[in-house]
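S.K.: below: sequence and its predicted model.
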Amino acid sequence: MSYRQEYQKSLSNPEAFWREQARALTWHRAPKIILEKDQSGIDRWFVDGEMNSCYLALDVHIEQGYGDQIALYYDSPVTGTKQSFTYNQLRDEVAHCAGALISLGVSQGDRVIIYMPMIPQAAIAMLACARIGAIHSVVFGGFSATELAIRIDDAQPKVILTASCGLEIDKVIAYKPMLDQAILLATHKPTHCLVYQRSIAPAELVPDRDIDWQGALKNATPADCVAVKATDPLYILYTSGTTGKPKGVVRDNGGHAVAMHYSMRAVYNMQRGDVFWAASDVGWVVGHSYIVYAPLIAGVTTVLYEGKPVRTPDAGAFWRVIEEYQVRAIFAAPTAFRAIKKADPESTLLNPYNISSLKTVFMAGERLDPPTYHWIKNLLGLPVIDHWWQTETGWAICANLMGIEVMPVKAGSATLPVPGFDVQILDVSGQQVGAQEQGSVAIKLPLPPGCLSTIWGDVERFKQSYLSVFPGYYVSGDGGYKDEDGYVYVMGRTDDVINVAGHRLSTGEMEEIIAAHNAVAECAVVGIECDLKGQQPVGLVILKDGQTISSIQLEAELVATVREKIGAVACLKTVKVVRQLPKTRSGKILRKLIRQIADGENYLLPSTIDDPASVKYIIEAFQR
């Protein structure tokens, strides 16, 4: 079936389409009611189905004779540790962890917070919760005590699973003191904390509350899978909210499993036994979807990597992992490859490695700018696939479907909508706009399986945040356009469109031009307040290592190029060279924070910021 046929089928008869995809999974009770609205008026998938996500990820493969296949590779250059787990071994670890949770009083529907680094025990903890029908909420390891306390009070976990520490390139981060402080700050108190002791920095355990992970699992009775409703929550994952209170995105079991299984074939073209590497963290939605659940549900081997694209030990780290584990597809944020390009501009560190196993490079998490696309495409000579999705959707909204039909790539576009996603570009009145005209990127309801079903404990906030702007649509919060072929170009958050003297301009378009300069490794453009024009664009750039161009010359060249390609209306007159841009831990540039600093506004450091020290470089730049 061609892409167009597959896509049209998914929109014209979504129930028939997703019934067919659901049949590829092993259900405890196969669903007969495929799509139905709940009491709140929210669309729900497979409402009378019963299943278990852990069973689909582990046990079913063992029953089919694949128990000795490698399920997970763990690679930690920061500790020098490597491990592999077969499906049998991973199932046994998960069953013991699930048994330990039961012994601590956790049962179906209870919440469990997982506050862990990138170690196998994080994936084991997630799957163990799914095994017994508990709802897990992974909080990025190393989040501050205050932010963790907010999530404790919102999710109200019965138990918290943690590790004694996490490791960065040059430092050890003790998790336990932050967890202790968070519990002190929180109104809700978990009954127990299960603590995995890492030998590099063991933690002190609080008597009667804290339990040693290794001892608890050793003594636990292995637990079997519990059948849950397809509509029962699998996990809560917190994302930033405009009010300052994080939004707990709720993912259900059934729709999620169907979407994950379908996407591994349709989007990523992965088959049983292939090795898939999502170079992300389990604290992010990418880690949930494509380190843990989707690869394992599809019978694919997944890589869990505790390291960075550079400095662990160098910018050849990705190439080493690809060769060592015979990775067939890698999925990473563009910022990871920009870091590699910055540290190794001539790509000499690729030379020692044979990466012939690699067939496709997937990127998401932020916009893949054309210069980065062309750089990695020319370097590797492989398909480079930009795809766009969100924490809320859980999987790709737009992509080039490598397992259905490979479409021509257009740099700067995430290609075409994925089956199930009726993507439309709307103006401020909710009307569709024409080709090449920018607007709000929205998805006509119903959302396909795998997307969020609500905000934890607040269905009205869910409706208000996503469904109220344009009735009948989910609003993504991103702006963009379609071209004449229906290709979708996501240009950034709608608040990244700036208004210069009455002209609405996309900062993403200016960033494309700046990033194409030979001296530039990475950049951001923000609109700052201007009494005359309303807003004035300012560029911030990071230079490639070894570049000696003066900031004055670089600014002159970039201003001239933007003027040539966009026109004088762009009004870009200022470019500042900085050592570092503030980013989230998933690699997204914090443009709003930069804008607030530039405008002299009060600001709060987001909980998701990767390196708070990066802010001082922005402050210094705007003081110059």
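M.R.: Received, thanks.

S.K.: and the helices in the stretch 51-200 of the chain?
M.R.: Secondary structure of the stretch 51-200 of the chain (DSSP state H, counting those that start in this stretch): helices located at 53-54, 60-63, 87-103, 120-131, 145-155, 175-185.

S.K.: so which of these comes closest to Pro446?
M.R.: helix 53-54 (21.5 Å; CB to CB). The way it works is simple: take the backbone N, C-alpha and C, and place the C-beta from them, glycine included.

S.K.: of the helices of the stretch 51-200 of the chain, which is nearest Ala524?
M.R.: Between Ala524 and these, the tightest spacing by CB to CB is seen for helix 145-155, at 24.2 Å.

S.K.: buried residues of that closest one, list them for me.
M.R.: Across helix 145-155, burial judged by 16 or more other CB atoms under 10 Å covers Ala145, Glu147, Leu148, Ala149, Ile150, Arg151, Ile152, Asp154, Ala155.

S.K.: minimum pLDDT in those residues, which residue is that?
M.R.: Lowest pLDDT of the buried residues of helix 145-155: Glu147, 84.

S.K.: which residues touch that one?
M.R.: Val139, Pro246, Ser607 (CB atoms under 8 Å, 6 or more residues apart in numbering).

S.K.: between the residues you listed, identify the one with the most neighbours.
M.R.: Val139 (27 neighbours; other CB atoms under 10 Å).

S.K.: picking up where we left off before, can you redo the buried residues of helix 145-155 as TSV with distance to Thr507?
M.R.: Shown next, in TSV, are the buried residues of helix 145-155 (distance: CB to CB, whole Å):
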residue	distance to Thr507
Ala145	34
Glu147	28
Leu148	33
Ala149	35
Ile150	30
Arg151	31
Ile152	36
Asp154	33
Ala155	35
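
S.K.: among the residues you listed, which one sits closest to Gln623?
M.R.: Once CB to CB is applied, the member of the buried residues of helix 145-155 that ends up nearest Gln623 is Glu147, at 28.9 Å.

S.K.: distance of that closest one relative to Ile113?
M.R.: Distance of Glu147 to Ile113, computed by CB to CB, to the nearest Å: 12 Å.

S.K.: can you check Phe85 too?
M.R.: For Phe85 relative to Ile113 (CB to CB), the value is 24 Å.

S.K.: likewise for Leu558?
M.R.: Applying CB to CB to Leu558 and Ile113 gives a distance of 45 Å.

S.K.: ok, the two, which is more surrounded?
M.R.: When neighbours are counted by other CB under 10 Å, Ile113 comes out ahead of the other of Leu558 and Ile113, with 26 against 23.

S.K.: contact partners for that one?
M.R.: 136-139, 148, 151-152, 155, 157, 159-161, 190 are the contacts of Ile113 under CB under 8 Å, 6+ apart.

S.K.: hey, what's it bridged with?
M.R.: Using DSSP bridges, the bridge partners assigned to Ile113 are Ser137, Ile160.

S.K.: please report how far it lies from Leu72.
M.R.: 22 Å.

S.K.: show me the chain divided up by domain.
M.R.: Residue ranges for the domains of the chain, per automatic domain parsing: 88-226, 501-623.

S.K.: okay if I get these as TSV plus distance to Arg4?
M.R.: TSV is the format used below for the domains of the chain (distance: least, CB to CB, whole Å):
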stretch	distance to Arg4
domain 88-226	36
domain 501-623	28
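
S.K.: and the ones you listed: which comes nearest Leu58?
M.R.: Taking CB to CB, domain 88-226 is the member of the domains of the chain nearest to Leu58, at 4.3 Å.

S.K.: chain center to stretch 368-383, what's the gap?
M.R.: Centroid separation for stretch 368-383 versus its chain: 21 Å, with CA atoms, centre = their mean, to the nearest Å.

S.K.: which parts of that stretch are buried?
M.R.: Leu368, Asp369, Pro370, Pro371, Thr372, Tyr373, Trp375, Ile376, Lys377, Leu380, Pro383.

S.K.: does the fifth one belong to a helix, a strand or coil?
M.R.: The assignment at Thr372 comes out as helix when based on DSSP: H, G, I helix; E, B strand; the rest coil.

S.K.: would you mind measuring from Tyr196 to Ala203?
M.R.: Tyr196 is 9 Å from Ala203, by CB to CB.

S.K.: any common contacting residues for the two?
M.R.: What both Tyr196 and Ala203 touch, as defined by CB under 8 Å, 6+ apart, is the set Ser164.

S.K.: and the contacts of Glu147, which is closest to Val226?
M.R.: Val139 (24.0 Å).

S.K.: which residue sits closest to that closest one, ignoring its sequence neighbours?
M.R.: Tyr115 (4.9 Å; CB to CB, 6 or more residues apart in numbering).

S.K.: let me know the next secondary structure element after the least confident helix or strand in the chain by mean pLDDT.
M.R.: Among the helices and strands of the chain, strand 503-506 carries the lowest confidence by mean pLDDT, DSSP states H and E, at a mean of 62. Using DSSP states H and E, the helix or strand that follows strand 503-506 towards the C-terminus is helix 507-515.

S.K.: which strands or helices does that following helix pack on?
M.R.: Under the contact criterion of 3 or more CB pairs under 8 Å, 6 or more residues apart in numbering; DSSP states H and E, helix 507-515 touches helix 370-380, strand 488-493, strand 520-530, strand 534-543, helix 551-565.

S.K.: quick check: angle from the longest one to strand 534-543?
M.R.: With axes from the mean of the first three to the mean of the last three CA atoms, to 10 degrees applied, the angle from helix 551-565 to strand 534-543 works out at 120 degrees.

S.K.: residues in contact with helix 551-565?
M.R.: 510, 513-514, 516-517, 519-520, 539, 541, 543, 570, 572-577.

S.K.: where does the stretch 451-600 of the chain have low pLDDT?
M.R.: 494-506, 531-533, 568-569, 586 (pLDDT under 70).

S.K.: kindly apply the preceding question to the chain instead.
M.R.: Looking at the chain by pLDDT under 70, you get 240-244, 494-506, 531-533, 568-569, 586.

S.K.: need the residue closest to the centroid of this protein.
M.R.: Centroid check for the chain by CA atoms, centre = their mean gives Val286 as the closest residue, at 3.5 Å.

S.K.: next one: phi and psi at the residue nearest to it when sequence neighbours are not counted?
M.R.: Counting by CB to CB, 6+ apart, Val286 lies nearest to Ser280, which is 3.8 Å off, once chain neighbours are set aside. The phi/psi pair for Ser280 (degrees, to the nearest 10) reads phi -140, psi -160.

S.K.: neighbours of Ser280, how many?
M.R.: 26.

S.K.: again with the one 4 residues further on
M.R.: The local packing count at Trp284 equals 24, with neighbours defined by other CB under 10 Å.
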